[in-house]
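# the sequence and its predicted three-dimensional model are supplied below.
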Amino acid sequence: MVNLANPSAFLALTRRVLPWLAAATSALFVAGLWLSFAAPPDYQQGETVKIMYLHVPAAWMATFVYGVMTAAALGTLVWRHPLADAAQKAAAPLGAGFTFICLVTGSLWGKPMWGTYWVWDARLTSVLVLFILYLGLIALWRAIDDPGRAAKAAAILTLVGAVDLPIIKFSVDWWNTLHQPASVMRMGGSTLDRAFLMPLLVMAVAFSLLFITLHLAAMRNEILRRRVRALQLMQVAQASQRSA
Amino acid sequence: MTAMSLGPYASFIVTSYVLVTAVVVMLIAWILIDYRRQKQILHELDSVLQDFTGKTVPESRIGTAVARLLEALGV
């Protein structure tokens, strides 16, 4: 584990595992999509239940990715580990992507089921805040040139924003929302029939593997970007020596 | 599976799946393009820095690498 925390060892690891992860992710998406379209219509939602096989996993990933970023932010601030910086920065666009999918698919499901694309209820609003947080973090990383300073600033903002996670989770319990309460991850087990649960879980695993694959690949890019920066600084030093 | 069998809200369902595919493809493309770009810059800088060891560096590569360096420094 300590060895894997070394950027060079991490690059070697990603070179080995990324092709396998990509293949497993693709296979799970094929299986998940097949199960989704083979699943029966819901007695209330009809075929629109198929949107849920995208919306629910994306919603889980939106919060999970922020959880990963929160852990990485602690790694940056407490242990000052360069891989934690890379993990934070690489996860933000992926989290924004999952949150965007969650918001738009929810909206596309809401119109035929609720009669509206959007309501300002606690669950929807808190997820929108999460999306804005992701965009803010991406902007912050781009605004500060020094990667070390950017990592610290982003880590602090990430930790502050983590307060949104329990709000998202418990918003449907704390307030009277149009959004339904949890039906899979709840005390007493899932209320979903197996015919709907299976495609949902397979798609959830596919989304999770997609995140792991893309996150490792994006972290590899961040490490390369840092190497580029280090070489550029060496280049400047070399040029200064020549001109002196 | 045809759009006809997806019921009266087929357009919402199809739009959702198309949109998710587009977002995932964009994320994958962004990562692949970024990877190729970083590897290319690294390769060019490596060539320039070999000069430290006394190896000959092609003039064309120095020009490209220095241009990227200046661009990175905002000069």
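Alright, I've got the coordinates. Numbering: from 1, shown residues only, chains lettered A, B, ... in the order given.

# so which bits of the strand or helix carrying A:Ala154 are buried?
Here A:Ala154 sits within helix A:147-161, counting by DSSP states H and E. Neighbour-count burial for helix A:147-161 flags A:147, A:150-155, A:157-158, A:161 (criterion: 16 or more other Cβ atoms under 10 Å in any protein chain shown). (Glycine included, C-beta is placed from N, CA and C.)

# can you name the next helix or strand after that helix?
helix A:164-174.

# centre of the chain versus the longest helix anywhere in chain A, how much separation?
In chain A, with assignment by DSSP state H, the single longest helix is helix A:194-243. Centroid separation for helix A:194-243 versus its chain: 13 Å, with Cα atoms, centre = their mean, to the nearest Å.

# what packs against it?
helix A:7-38, helix A:49-74, helix A:82-114, helix B:10-49, helix B:59-73 (3 or more Cβ pairs under 8 Å, 6 or more residues apart in numbering or on different chains; DSSP states H and E).

# what's the angle between the second one and helix A:82-114?
Taking axes from the mean of the first three to the mean of the last three Cα atoms, to 10 degrees, one finds helix A:49-74 and helix A:82-114 inclined to each other by 150 degrees.

# mind giving me the packing neighbours of helix A:49-74?
Packed next to helix A:49-74, using 3+ Cβ pairs under 8 Å, 6+ apart, are helix A:7-38, helix A:82-114, helix A:122-143, helix A:147-161, helix A:164-174, helix A:194-243, helix B:10-49.

# so who does A:Leu33 touch?
By Cβ atoms under 8 Å, 6 or more residues apart in numbering or on different chains, the contact set of A:Leu33 is A:Met203.

# mind checking how far it is from A:Val160?
38 Å (Cβ to Cβ, to the nearest Å).

# same check, this time on A:Trp141
Counting by Cβ to Cβ - A:Trp141 and A:Val160 are separated by 16 Å.

# quick check, pLDDT for residue 61.
In the absence of a named chain, chain A is used. pLDDT recorded at A:Met61 is 96.

# the chain in question should be chain B.
56.

# contact partners of the helix holding A:Ala154?
Here helix A:147-161 makes contact (Cβ under 8 Å, 6+ apart) with A:66, A:69-70, A:72-74, A:76-77, A:84-85, A:88-89, A:92, A:130, A:133, A:136-137, A:140-141, A:143-144, A:226, A:229.

# where does pLDDT dip in chain A?
The model of chain A has pLDDT under 70 over residues A:1-5, A:184-190, A:244.

# cutoff 80 now
A:1-7, A:82, A:176-193, A:195, A:234-244 (pLDDT under 80).
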